[in-house]
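Participant: here is my input, please return the structure:
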Amino acid sequence: MKCAVLGAGAWGAALADRLARNAHEVRLWAYEPDVAQSVNDTHRNRFLAGVELSPSIVASTDMKDVVGGAQFVVLVAPSHVTRAVAEAAQPHLSREAVIVVASKGIEQHSLARMTEIAADVFDRSGVVALSGPTFAAEVARNQPTAIVAACNRRSPAEQVQQLFHGPAFRVYTQHDVVGVELGGAVKNVMAVATGIAEGLGLGFNARAALITRGLAEMTRLGFALGADPATFAGLAGMGDLVLTCTGQLSRNRSLGVEIGSGKTLDEALAGRDTVAEGVITTRSARELAERAGVDMPIVEAVFSVLFDGQAPRDAIVDLMNRDPRAERDE
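Facilitator: Got it, this is the predicted structure:
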């Protein structure tokens, strides 16, 4: 199959490599010319250090060259530029191409999920969301991984399952696109929260409480927006949440650790070469919760620390001092 991967960050490079290892013809679009040249000349990508990519991957900064003739197009750009990348690809896209979105986030202002952006720009239904507990470096090193391909139509999801599936990359299909995408987006906010707690020197009790109550918030928001609550107990919900809240490779968790240790948001972001989606998603998730009338106190606390200047320890105190309530919504 001819595949175009749009976005040459760590996750885009890892997915391109996965497709190439499955003997597909892969072209990788990179925003940065040096990244494209490095992939072509040395099979290395500075966003995925220490990994040698499949030599069959062809990288380019020319969108027409990458997208033209592709049967599968995989969007892997950071969420804040997903619409712009899709709009650049749209004129060159085949009407028969299957669209896969592996970006995780909620667009600011429109509050659109990533597949909604793709459906809007490409003017088609049946867009597949690819999400789950995945560190790019582990996928690129062929470590066992399980992920979800979600679509409201069975055929595109099964096509994407066959495209990526391999001995070390197990792909499950799902029909609940809303739940899968919200799980993948909001878990990044919870990772920032658990990182802040770790930076403050709080213990495992606090981490476990933030993960489980974070899951409750995600489920509540998803249910209000039409998702199946059971989705949040699966790979794209609990699985991704646990990984990103505990894994040493999590960018969002590490950013939270720096903030909990005393840095401001600007100081924590300075010098980073990669995007911590949780910062952007905190704003969007808070706005989405307000629109849906859903209580999300952890999201609210992270917002206060990141954007209102509240001291992290005070935010934890406020969370603990909220009125007592039942664990489950009645």
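
Participant: where do the strands of the stretch 201-330 of the chain begin and end?
Facilitator: Using DSSP state E, counting those that start in this stretch, no strands are assigned anywhere in the stretch 201-330 of the chain.

Participant: my read: Thr274 touches Gly9, true?
Facilitator: Yes. Under the criterion of CB atoms under 8 Å, Thr274 makes contact with Gly9 at 6.8 Å. No exception for glycine: its C-beta is placed from N, CA and C like everyone else's.

Participant: overlap of the contact sets of these two?
Facilitator: Phe47 (CB atoms under 8 Å, 6 or more residues apart in numbering).

Participant: the more surrounded of those two?
Facilitator: Gly9 (23 against 11; other CB atoms under 10 Å).

Participant: now do the contacts for the closest residue to the more buried one other than its chain neighbours.
Facilitator: Leaving aside its sequence neighbours, Gly9 sits nearest to Phe47 (CB to CB, 6 or more residues apart in numbering; 4.9 Å). Counting by CB under 8 Å, 6+ apart, Phe47 makes contact with Ala8, Gly9, Ala10, Ala13, Val35, Asp273, Thr274.

Participant: got the confidence number for Phe47?
Facilitator: Model confidence at Phe47, given as pLDDT, is 93.

Participant: so is it in a helix, a strand, or just coil?
Facilitator: Of the three states, Phe47 takes coil under DSSP: H, G, I helix; E, B strand; the rest coil.

Participant: can you check the one 3 residues further on too?
Facilitator: Classification of Gly50 into helix, strand or coil gives coil, according to three-state DSSP.

Participant: which helices and strands does the lowest-mean-pLDDT helix or strand in the chain pack with?
Facilitator: Sorting the helices and strands of the chain by mean pLDDT, DSSP states H and E puts helix 265-269 at the bottom, at a mean of 92. Helices and strands touching helix 265-269, by 3 or more CB pairs under 8 Å, 6 or more residues apart in numbering; DSSP states H and E, are helix 251-260.

Participant: buried ones in the helix it packs on, by neighbour count?
Facilitator: Arg251, Asn252, Arg253, Ser254, Leu255, Gly256, Val257, Glu258, Ile259, Gly260 (16 or more other CB atoms under 10 Å).

Participant: stretch 224-236 too?
Facilitator: Leu225, Ala227, Asp228, Thr231, Phe232, Gly234, Leu235, Ala236.

Participant: what comes into contact with it?
Facilitator: Contacts for stretch 224-236 (CB under 8 Å, 6+ apart): 131-133, 146-148, 150, 172, 174, 176, 178-184, 215, 218-219, 222-223, 237-238, 288, 292-294.

Participant: list the buried residues of stretch 52-69.
Facilitator: Within stretch 52-69, the residues scored as buried using 16+ other CB under 10 Å are Leu53, Ser54, Ile57, Val58, Ala59, Ser60, Thr61, Met63, Val66, Val67, Gly68.

Participant: what is the nearest of those to Ser79?
Facilitator: Nearest to Ser79 among the buried residues of stretch 52-69 is Met63, at 18.8 Å by CB to CB.

Participant: thinking again about what came up before, rebuild the buried residues of stretch 224-236 as JSON lines, extending it with pLDDT and distance to Val160.
Facilitator: Conversion of the buried residues of stretch 224-236 to JSON lines gives the following (pLDDT from 0 to 100; distance: CB to CB, whole Å):
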{"residue": "Leu225", "pLDDT": "97", "distance to Val160": "23"}
{"residue": "Ala227", "pLDDT": "98", "distance to Val160": "20"}
{"residue": "Asp228", "pLDDT": "97", "distance to Val160": "20"}
{"residue": "Thr231", "pLDDT": "98", "distance to Val160": "17"}
{"residue": "Phe232", "pLDDT": "97", "distance to Val160": "21"}
{"residue": "Gly234", "pLDDT": "97", "distance to Val160": "17"}
{"residue": "Leu235", "pLDDT": "97", "distance to Val160": "15"}
{"residue": "Ala236", "pLDDT": "97", "distance to Val160": "14"}
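
Participant: tell me which element Val121 falls in.
Facilitator: Val121 is part of helix 114-122 when elements are defined by DSSP states H and E.

Participant: that helix: what's the following helix or strand?
Facilitator: strand 128-131.

Participant: what's that next one in contact with?
Facilitator: 15, 74, 98-102, 104, 113-115, 147-151, 156-157, 160, 164, 177, 180-181, 183-184, 235-236, 240.

Participant: any of the residues you listed buried? List them.
Facilitator: Here, 16+ other CB under 10 Å leaves 15, 74, 98-102, 104, 113-115, 147-151, 156-157, 160, 164, 177, 180-181, 183-184, 235-236, 240 buried among those.
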